[in-house]
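A.B. asks: fold the following for me, if possible:
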Amino acid sequence: MTRRIDMARTATVVAMVAVVLAYAVPASAQRWGRPRTPRAGACFYQNANYGGDYFCVEAGDAYDVMPEGLNDRISSIRLFGDADVTVYRNPNFRGRSTRFNDDVSNLQREGWNDTVSSLRVRLDFARVSRDEAERIVERAYRSVFGRDPDPSARSWVEEVMRNRWSQRDLERELMKSPEYRNRRPGGF
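C.D. replies: Numbers count the residues shown, from 1 in each chain. This next block holds a predicted model:
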């Protein structure tokens with residue numbers, strides 16, 4: 001009889017824990033307020049022009065379902081660092097979506113006011129400036145060929161920007177070139 005009571009108590013405790021976990025708000029769940037802005041991420045505002053309370057999300061985080069009280073309530077977005085945001089009309093990253101890589105002072109103009117049901121915040125590595133892309137090309141040319149880039153290297157600047165290449169990515173591509181193969185003893 002004692003064993004049945006212990007099993008019944010255990011089953012009751014397990015059931016209670018399951019109920020608590022099912023309704024528990026995750027520690028990382030957001031609430032409207034005025035938190036510190038992230039170094040790289042986004043803040044989502046209740047009102048247009050970044051007004052009212054807001055919540056922030058770090059780059060790399062996502063909400064497949066918006067926390068309670070935040071669903072379909074966003075009216076403007078401010079980005080920080082090299083972040084971008086993709087918003088979705090429906091939970092679980094479904095339905096219509098739009099990617100924003102700049103601040104949006106009024107989501108109504110974009111057709112998104114109070115309609116965001118899930119979102120992703122990512123680092124936007126495409127934000128390599130032309131100057132940085134040119135420096136990547138210069139360093140890669142010096143590393144692979146031992147010389148400064150010539151005028152034909154301008155096309156590599158476009159490739160770096162378009163494909164989000166690092167210096168190492170470009171070096172790999174340059175090592176496939178006839179110039180590189182011809183410089184190596186015995187070629188290949």
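
A.B. asks: how about the contacts made by G60?
C.D. replies: G60 makes contact with 121-123, according to Cβ atoms under 8 Å, 6 or more residues apart in numbering. (Glycine included, C-beta is placed from N, CA and C.)

A.B. asks: that one and P35: what is the separation?
C.D. replies: 17 Å (Cβ to Cβ, to the nearest Å).

A.B. asks: ok, so of the contacts of G60, who is nearest V157?
C.D. replies: L123 (21.4 Å; Cβ to Cβ).

A.B. asks: which residues does the closest one bridge with?
C.D. replies: L123 has these beta-bridge partners by DSSP bridges: A83.

A.B. asks: contacts only, for it.
C.D. replies: Contacts of L123 by Cβ under 8 Å, 6+ apart are 40, 59-60, 81-84.

A.B. asks: which among the residues you listed count as buried?
C.D. replies: 40, 59, 83-84 (16 or more other Cβ atoms under 10 Å).

A.B. asks: quick check, central residue of the protein?
C.D. replies: The chain has R122 as the residue nearest its centroid, 0.5 Å off, counting by Cα atoms, centre = their mean.

A.B. asks: nearest to V157, of the contacts of L123?
C.D. replies: Looking across those and measuring by Cβ to Cβ, the closest to V157 is D82, at 18.9 Å.

A.B. asks: tell me the phi and psi of that closest one?
C.D. replies: When read as degrees, to the nearest 10, the backbone of D82 gives phi -100, psi 50.
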